[in-house]
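Chemist: Generate coordinates for the sequence data below:
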Amino acid sequence: MADTSNTPDTRTPAQIEADIKRRRDVLADTLDEIGVRVHPKTIVGDAKAKVASSIDHTLGKAYVGVNRVVSDVKGQFVDDEGAPRVERIVPVALVAVGVVGLFVLGSRRGKGRKG
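Modeler: From the prediction side, this is the model:
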């Protein structure tokens, strides 16, 4: 804004009134906007949006990480053409069957002692 303190105001009263009305309207709009921004519902809504965004971001990073791990594991058991690598699958399957067998035997022994 230009400094008009030393220059005479050459506006008509109607122009001055119109300028005052415009400034009041701008001020009213500004106050309305401030009122909306500081309203509790707006503050809560903004906080919810920030939390949701943070959760989405975290879940997205977790998904990418899990997807990478799954791809790495899959790469250990499948060759470049998509065929299974039997030499790696069979030992893992045998270990899994052995672990399950140990759990079954352990649970049967535990039941036999109670009765």
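Chemist: residues in contact with Ile43?
Modeler: If you count contacts by C-beta atoms under 8 Å, 6 or more residues apart in numbering, Ile43 has none. In short, each C-beta sits where N, CA and C put it, glycine included.
Chemist: now do 10 Å
Modeler: Going by C-beta atoms under 10 Å, 6 or more residues apart in numbering, Ile43 touches Arg37.
Chemist: Kindly report the same for Arg11.
Modeler: Contacts of Arg11 (C-beta under 10 Å, 6+ apart): 17-19.
Chemist: immediately after the strand or helix carrying Arg24, which helix or strand?
Modeler: Assigned by DSSP states H and E, Arg24 belongs to helix 13-38. Later in the chain than helix 13-38, the nearest helix or strand by DSSP H and E is helix 40-77.
Chemist: Can you list the buried residues in the helix or strand that that next one is followed by?
Modeler: Of the helices and strands lying after helix 40-77 in sequence (DSSP H and E), the nearest is helix 86-114. Residues of helix 86-114 classed as buried: none (neighbour count, 16 or more other C-beta atoms under 10 Å).
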